[in-house]
Structure formats: C-alpha cells, structure tokens
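J.: Predicted coordinates and the sequence they were generated for:
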Amino acid sequence: MEKVNIFDAIGANKRNSYILLFLMCSLCFLSVVALGYIFGLDEYGYAIALIFAVGYALIAFGAGSRIILSISGARELLEGEEPFLRNVVEGLAMAAGIPCPKIWIIEDGAMNAFATGTSPENSHIVFTRGLLKNMSREQLEGVAAHEISHIGNYDIRMATLAVVMVGLIAIIGEFAWRSMMFRGNDNRKGGGGLMLIALVFVILAPIFAELVRFAISRQREYLADATGAKLTRYPEGLASALEKLKGHANVKSATNTTASLFIANPFEGKMTGLLATHPPLDERVNRLRAM
C-alpha cells in the first residue's frame, strides 16, 4: 500500500466527520419541522418544539457519560491499582496536552477499550481486564493513545451528541406515528400529499440517522488511529494491538448504544457494511502500516 502522510489522513477524516455531523443535525432539524407540519403548528408551536428538542438534548448530553459507564459495568481504578497503566495514560495525556482522564476497568476477559465524556476536562477512559492481561507495553500504549486521541479530538463529545440526536429523532418518529394512528387522516384541504411525505420522513429519519451515526463512528476510528500513531510515533504498536483484538473483542456488557465507542466492534461479525460501527480491523491495520 502506498505510504500516506499522517497529517493528510487526520485532515481528511476530520472533514468527513464534520460533513456527516452536519447531515445528522439537518435530519434532526427536519424531523422537528415535519412533526410541526403534521400537527399544524404555527411559529409558536415550532418554537416550543425546538425548545423541547434542545432541552432534551442538553439533559441527555449531560448525563450521557454517567449512563454509559454504569451500563458498561465499569469501575473506577483505585488509588495505587495498576500503576503501569496509570503511568501510560498520564504520559500520553501529557503528550497530547489534555488533562489526565479518569481510568476505569471492566472485569471482562475480552480485549477492548473505549473513552467517553463531554470534554477533555470531563473524560473517562475504560479498559477491559482481558486487554490489560494480553497486551505488550507497545500495544497497550497504542490502544491508550487511540483512546486519548478520541478525547483530544473531541470524538467523545461528537459520539455522545450523535447518540442523543439519534434518540431524539427516534422519539419524534415514534410520537408522530402513534399520534397519526389516533388522529386518523389529515383533514386539511390539499394537505394530504404533504402530510404523507412528512409522516414517511419522520418514520424513516431514525433509520437514516443511525446509518449516519455509524458512518461518523467509522470515520472517527480512522481519525483516532492516525492521531494515536502520531502521538506515539510508533504506528506498529496500535497495528499489532488491533490484530490481537480480532476474535477477542466481544464484551458481555456492551449494548447497541455503547458499541460504537469501543476501539473494536464488541459484537464481532454481527454488524457489517453500512450497519458497521467500525471499519474492518484489517483495513485499519493496513492504513497504520502505510503511514
């Protein structure tokens, strides 16, 4: 494979991610507009709907990382526990110019890791016990650098925001569908065609939003790989770690909501193509070794 400039790879992945996030925001806004049309809202009704949407997003966004850590079964690293891991994370955080994240452990024999939070100042990095037991120093540094890069690149904020917006779009679609079932057909003169379009949109929007969220996740994984390689100056460490994860990344406590956060798909073999939350591990390894 042709050698790729690491800074070009970082720039391209950032651009792709922001384009996808803009598409997600557009879907969210248009869902609110479609809901407003279905219910015949005036400008005040639209304002109320938008206030509700923003309020929901802010509350869900603020509580996101706490919920994710809880459902993942993670526990915070105790003082004096795993000093080597703490040393690695602190050193990489210092090199990246961000505060050291809180370190958490999932007592699972699988090999995986993820980062969450809303900002570098409020961030958490989680490792499974299996990953700590089976990785060499260089491999562990590669994985930790990948997760630190997620924090430094604000991927943790983007991922949480994407989950919140998908949830909001799904709520709007469900609400519109159930309401239409109770209300029956629209009686406004000449509004039947547009009503049908609006209803179809709010029903299909959650599906499109999920596909966009998966695409964002795949782009941010490439970005974190490239940034992590830049941070350690040793792409082979992460490349060999990713090879070791193949067939050993399934985490019991992972859910559809948290799957995209992990460094490798915790449901290996179950989600592929457009439904994949991660790029193929082989493709990621090849890109790292081409740097």
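T.: Yep, that arrived.

J.: Quote the end-to-end distance of stretch 242-253.
T.: 20 Å (CA to CA, to the nearest Å).

J.: contact partners of it?
T.: 71-73, 106, 108, 110-112, 128, 130, 134-135, 139, 262-268, 281, 284-285, 288 (CB atoms under 8 Å, 6 or more residues apart in numbering). To be clear about C-beta, it is placed using only N, CA and C from the backbone, and glycine gets the same treatment.

J.: Mean confidence (pLDDT) on that stretch, please.
T.: For stretch 242-253, mean pLDDT is 93.

J.: re the thing from before, where helices are concerned, which of the contacts of stretch 242-253 count?
T.: Judged by DSSP state H, helices contain the following of the contacts of stretch 242-253: 71, 130, 134, 139, 281, 284-285, 288.

J.: Now for the residue lying closest to P235 once chain neighbours are set aside, how many residues are close by?
T.: Excluding its sequence neighbours, the residue lying closest to P235 (CB to CB, 6 or more residues apart in numbering) is A229, at 3.9 Å. When neighbours are defined as other CB atoms under 10 Å, A229 has 26 of them.

J.: Could you measure from A229 over to N112?
T.: Remark: distance between A229 and N112 (CB to CB, to the nearest Å) = 19 Å.

J.: what pLDDT does A63 get?
T.: 74.

J.: tell me which element it falls in.
T.: Element membership for A63, per DSSP states H and E: helix 43-71.

J.: Repeat that for I156.
T.: helix 155-183.

J.: Distance check, R287 against A224.
T.: From R287 to A224 the distance is 12 Å (CB to CB).

J.: Looking at those two, which is more packed in?
T.: Comparing R287 with A224 by other CB under 10 Å, the one with more neighbours is A224, at 27 against 19.

J.: ok, that one - contacts?
T.: Counted by CB under 8 Å, 6+ apart, A224 has contacts 146-147, 149-150, 153, 155.

J.: And for E82?
T.: Counted by CB under 8 Å, 6+ apart, E82 has contacts 103, 105, 132.

J.: tell me the contacts of the residue minimising distance to the centre of the chain?
T.: Central residue of the chain (CA atoms, centre = their mean): A159, 3.3 Å from the mean position. By CB under 8 Å, 6+ apart, A159 lies in contact with 116, 150, 216-217, 220, 260-261.

J.: Any chance of JSON lines for those residues, columns secondary structure?
T.: Shown next, in JSON lines, are those (DSSP: H, G, I helix; E, B strand; the rest coil):
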{"residue": "T116", "secondary structure": "strand"}
{"residue": "H150", "secondary structure": "helix"}
{"residue": "I216", "secondary structure": "helix"}
{"residue": "S217", "secondary structure": "helix"}
{"residue": "R220", "secondary structure": "helix"}
{"residue": "S260", "secondary structure": "helix"}
{"residue": "L261", "secondary structure": "helix"}
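
J.: Those: which two are farthest apart?
T.: For those, the farthest-apart pair by CB to CB is T116 and I216; their separation is 15.2 Å.

J.: And these two? Which one has more around it.
T.: T116 (29 against 25).
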